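S.K.: next comes the sequence, and after it the predicted model I'd like to discuss.
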Amino acid sequence: MHADVDGSFALCLTHDVDRPYKTYQALYDALRERSLRPLRAVAARTNPFWQFDDITALESDLGVRSAFYLLNEPSLFRQPWRAWTEPTHWLEHLGRYDVTADDIRALVDRLEAGGWEVGLHGSYHSPGDPGRLGREKRVLESMTDRPVVGGRQHHLRLGADSWHHHRAIGLRYDASLGSSSSYGFRWGYRPRRPFDDDFIVFPLTAMEVALPDPGERFADAWEACRDLLVEAARNDAVMTVLWHPRYFNEREFPGYRRLYRRLVEHALELGAWVGPPRALYERLDYDRGTDPITSDPTAVDGFERGVESSERPTSH
């Protein structure tokens, strides 16, 4: 089963790599379950949040590829003392990982060799800090064979000038416009072109946690996904979904892996092009006479109000 690049609609697959290792969450689970099993899982050679081999195997089986956005969250110990008084800095620090660690570098090599996209997951305070965002991009590009062309901001955080910053540091697309609590084509059926040039925005159609919990209500979750695919097919839409890697851990998040597979399978059955945003970006025709992408210069300053792009940090 293979993705049809000539499909009438597109499904972009993305994964935000927020927490590749289960760490402090294991202590909470051990206390909640009154069991040492969660702590043993962390001590084991295979961390329960490290799901990359399973994800790539699943996608390879379906003949598709996706994008993995890597996060380079600064250590709290490198921040000014004022940062120590802010709960958000503590939350991000407790969950951070070293993007330059050997196992992450090896992961990047495997992903690129297999045809997956490696993109930028801008850190929590980077939306309004182009210097920090640029440094994060350069660090990531020191590990990749190809330039990083796009990604998504952590927690979907966007400021009024974020897209200006993205374009200024050489990114060609952003996928942060979306919600973690609702799903659907709220921002239209096509990517946006906020500057009337070749920088585009892929709105997020659905994050896994916004859907009904497939572990408890699989039929409802699948119905929501199926309805989105049908709507996308009827409107020649570009549909973008986000599945965090840890949600492929069936023991802790039952149903999400099965739902993801069924979503991709049905998209292919409907004749969709399926793949990472970068691959779709490269196939878009920028001839203004035929380009289907919406030109909306007002979106840059107008999208933020009333949109959940500045939500407080969650566990997502």
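M.R.: Thanks, I have it.

S.K.: is it true that G275 touches E59?
M.R.: No - under the criterion of Cβ atoms under 8 Å, G275 lies out of contact with E59, with a separation of 9.6 Å. No exception for glycine: its C-beta is placed from N, CA and C like everyone else's.

S.K.: what about R251, how many neighbours?
M.R.: Neighbour count of R251, defined by other Cβ atoms under 10 Å: 8.

S.K.: oops, could you answer that again for V17 instead?
M.R.: Close neighbours of V17, defined as other Cβ under 10 Å, add up to 21.

S.K.: same question for the one 3 residues further on.
M.R.: Taking other Cβ under 10 Å as the criterion, the count of residues near P20 is 21.

S.K.: that one reaches N47, doesn't it?
M.R.: Yes - counting by Cβ under 8 Å, P20 touches N47, with 7.5 Å between them.

S.K.: pairing partners for the longest strand anywhere in the chain, with directions?
M.R.: Longest strand in the chain by number of residues, with DSSP state E as the criterion: strand 10-17. Applying DSSP bridges to the sheet, strand 10-17 is found paired with strand 67-71 (parallel), strand 238-242 (parallel), strand 273-275 (parallel).

S.K.: kindly list the longest helix within this protein.
M.R.: Of all the segments assigned as helix in the chain under DSSP state H, the longest by residue count is helix 218-234.

S.K.: which residues touch that helix?
M.R.: Under the contact criterion Cβ atoms under 8 Å, 6 or more residues apart in numbering, helix 218-234 has outside partners 8-11, 183-185, 189, 205-206, 211-214, 237-239, 255, 258-259, 262-263, 266-267, 270-272.

S.K.: so where's the stretch 151-300 of the chain uncertain?
M.R.: In the prediction, the stretch 151-300 of the chain carries residues with pLDDT under 70 at positions 285-300.

S.K.: could you give the angle of the longest helix of the chain to strand 10-17?
M.R.: Using axes from the mean of the first three to the mean of the last three Cα atoms, to 10 degrees, one finds that helix 218-234 and strand 10-17 are set 130 degrees apart in direction.
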